[in-house]
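[1] dropping a prediction and its sequence here:
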Amino acid sequence: MGRIWKVSDNISTDEIIPGRYNVTTDRAQLAQAAFIEYRPDYAPGVRPGDVVVAGRNFGMGSSREHAPIALQASGIQAIVARSFARIFYRNAINIGLPILVCDELHGAIEDGDSLDLDLATGRINLPDGRTFQVEPLPEFVLKIVQAGGIIPFVQAGNL
Amino acid sequence: MGTMSEEILSRKVGREVRAGEIVIVPVDYVMAHDQTSPLAIESFRKLGKPLFDPQRTIIVFDHIIPAATVQAATLQRGIRSWMAEEQVGNFLQDGICHQVLVERGFVTPGAVIVGADSHSCTYGALGAFGTGMGSTDIAVALATGKTWLRVPETVRFELTGEMGEHVYAKDLALAMCGAIGVDGANYQAVEYGGSAVQAMNISQRMTLANMAIEMGGKTGLCEPDDVVDAYLDGRARTPYEPVLPRDPQYSRVIEIDASDLQPMVAMPPDPEHLAPANELGDVAIDQVFVGTCTNGRLDDLEIAARVLRGRTISSNTRMVVTPASRQVLLQAMERGYIQTLVEAGATVTNPGCGPCIGRHQGVLAAGERAITTQNRNFPGRMGDPTAEIYLASPATAAASAVTGYITDPRRLS
């Protein structure tokens, strides 16, 4: 079971990690700055296996890869959103951070709830028995994920 | 047959491709800047390959120059030594990446340019498929000369009519964000057509294309025409062939009559929340900023200078002006705009991104309010997360500097 960190629609990369915290490539430092102003309780409270559940258009704005890296390095197992902004989506796939699209979950849960996520099947189970199925990834994108990100994907001779 | 995106990508791939397909595309240029290069270099090193072409590699220092902190300076030193190792062919440090790529003739119709900056969609102003990506995507392009793209559907804006007094491309760009929202073109391309676009110069078209990403757009394309040809005459680095839509199918067509528009302001927390400047009431402003890849060009500085000529900035506010490039700064000096702006009380900085990203040159304190010509007003972008950011044209920003509160520029004259 992972704790749910619920965030709203249109969360920008400035809210995931403000620009002035991007002056490092150190993952631990970036993790400490995740949601630092938008949700100051996140970085001290997040535990391995937790899940961010977002509304529409998560990660809009800048192309900074620091944003998905900060969230990945904070230990979450995945982000489940109603939709993702395009560049954030690519960045997360490229670095091997599971991002899942599910339209119904966001409205069905509250911040602090728990969920059980099976990454292999895309099945989400809530403690009260409700279940949700995430949308399948496009085939090409799935291959990148299965390779462990775009770098191993390219190293294996793809692209 | 297809939209501009389908046509451009079909030519690059060598067969007819359609929206929805995922294709592997050769790229003409790959760009990263001082903020996104460090992570790109880390990923590039993991790939363990040389640059696909040092002459098609462009590194620009624009986000924090001169370096404002030891951390920034250290990252920049690291990029410089990597550039020396890899013999990067193009290193530019005299303006905002998108501005200098256009000025230096890298951007031509039909080209595919990927940049580690979300506003790489700006290159669509000249009919190039420019798109923003993260650092690892850029590392892959640096090493392979290729990228994968899902061929986008296209939202087409038909922009007609003549813009009235003190209504500019920025007001139109904001109106489009208001019309379809900040994810209205997510995963899609944007095309701008119609008589209002044909009447625009390159700078104004760049203002439109720049804000395609504020609707989620993958790129923002204007149809190349004789305005583009005249601009590129003697400037383009390579011969080009204009690519136009051919019997396109759009996912959505939105018509806007520019003659209906007034000076607009986007309110916090994002560019889809709009109001006409003259309906906002008394909104006091602590800082005015004119600059950025959206509105830091010569004509933008001219508009601001015209509003400020013979006037002084209100003692209740402050104003920062950041020319988009050294070339813009030199021309603005030559024409007296810088003189006018400084006489009015503005602080003119070196060319670059300036305070847009909240790292230096005008950071906002808690509860402060700014009006700026940039493209984004997300919480925390320019400093403290409780600072409020309003987006507007250079005319509306300059008029607000005179009064100290958000002001429709038509009210000043």
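    Cool, the structure landed.

[2] how far away from the center of its chain is the worst-scoring helix or strand of chain A on mean pLDDT?
    Here the helix or strand of chain A ranked lowest by mean pLDDT, DSSP states H and E is helix A:139-147, holding a mean of 93. The chain centroid and the centroid of helix A:139-147 are separated by 16 Å under CA atoms, centre = their mean, to the nearest Å.

[3] touching chain B at all, it?
    Yes: using CB under 8 Å from any CB of the partner chain, we find that helix A:139-147 touches chain B at A:140-141. Any C-beta I mention is one placed from the backbone N, CA and C, and that applies to glycine too.

[4] next, the buried residues of that helix.
    If you call a residue buried by 16 or more other CB atoms under 10 Å in any protein chain shown, then helix A:139-147 has these buried ones: A:141, A:144-145, A:147.

[5] same question, stretch B:42-58
    So, applying 16+ other CB under 10 Å, buried residues of stretch B:42-58: B:42-44, B:46-47, B:51-52, B:56-58.

[6] which residues are in contact with that stretch?
    A:25, A:151, A:154-155, B:27-32, B:86-92, B:97, B:101, B:106, B:135-136, B:139-146 (CB atoms under 8 Å, 6 or more residues apart in numbering or on different chains).

[7] hey, where'd the helices end up in chain A?
    All helices of chain A, identified by DSSP state H, fall at A:13-16, A:27-32, A:42-45, A:66-73, A:86-95, A:105-108, A:139-147, A:150-155.

[8] pick out the shakiest of those, pLDDT-wise.
    Looking at the helices of chain A, the lowest mean pLDDT belongs to helix A:139-147 (a mean of 93).

[9] that one - contacts with which helices or strands?
    helix A:86-95, helix A:150-155 (3 or more CB pairs under 8 Å, 6 or more residues apart in numbering or on different chains; DSSP states H and E).

[10] and it, C-alpha only, in PDB?
    Only the C-alpha atoms of helix A:139-147 are listed here, as PDB (Å, rounded to 0.1, in the frame of the first residue of the first chain):
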ATOM      1  CA  GLU A 139       3.300   0.300 -28.000                       C
ATOM      2  CA  PHE A 140       6.400   2.300 -28.800                       C
ATOM      3  CA  VAL A 141       6.300   4.000 -25.500                       C
ATOM      4  CA  LEU A 142       5.900   0.700 -23.700                       C
ATOM      5  CA  LYS A 143       9.000  -0.600 -25.400                       C
ATOM      6  CA  ILE A 144      11.000   2.400 -23.900                       C
ATOM      7  CA  VAL A 145       9.500   1.600 -20.500                       C
ATOM      8  CA  GLN A 146      10.300  -2.100 -20.800                       C
ATOM      9  CA  ALA A 147      13.900  -1.200 -21.700                       C
END
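
[11] now tell me what touches that helix from outside.
    A:93-94, A:96, A:98, A:136-137, A:150, A:153, A:156, A:158, B:22, B:148.

[12] cutoff 7 Å now
    A:93, A:137, A:150, A:153, A:156, B:22, B:148 (CB atoms under 7 Å, 6 or more residues apart in numbering or on different chains).

[13] name the residues of chain A found near chain B, please.
    Applying CB under 7 Å from any CB of the partner chain, we find that chain A lies next to chain B at A:10, A:12, A:14-15, A:18-20, A:22-25, A:37, A:56-57, A:60-65, A:83, A:85-87, A:90-91, A:94-95, A:138, A:140, A:150-151, A:154-155, A:159.

[14] PyMOL command to pick out the buried ones of those residues?
    One line in PyMOL is enough to select the buried ones among the residues of chain A next to chain B; burial here means 16+ other CB under 10 Å:
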select buried, chain A and resi 10+12+14+15+18+19+20+22+23+24+25+37+56+57+60+61+62+63+64+65+83+85+86+87+90+91+94+95+150+151+154+155+159
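
[15] touching chain A at all, the host helix or strand of B:Ile113?
    Using DSSP states H and E, B:Ile113 sits within strand B:112-115. No: between strand B:112-115 and chain A, judged by CB under 7 Å from any CB, nothing touches; the nearest distance is 8.0 Å.

[16] hmm, back to that, same list (the helices and strands packed on helix A:139-147) but as TSV, adding distance to B:Thr294.
    Output for these, formatted as TSV (distance: least, CB to CB, whole Å):
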stretch	distance to B:Thr294
helix A:86-95	18
helix A:150-155	30
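
[17] minimum distance to B:Val328: which of those has it?
    Closest of the helices and strands packed on helix A:139-147 to B:Val328 is helix A:86-95, at 27.2 Å (criterion: CB to CB).

[18] quick one, what contacts the closest residue to B:Leu280 other than its chain neighbours?
    Closest residue in space to B:Leu280, ignoring its immediate chain neighbours: B:Ile406 at 5.0 Å, by CB to CB, 6 or more residues apart in numbering or on different chains. Each residue near B:Ile406 by CB under 7 Å, 6+ apart is listed here: B:265, B:277, B:280, B:283, B:285, B:371, B:390, B:400.
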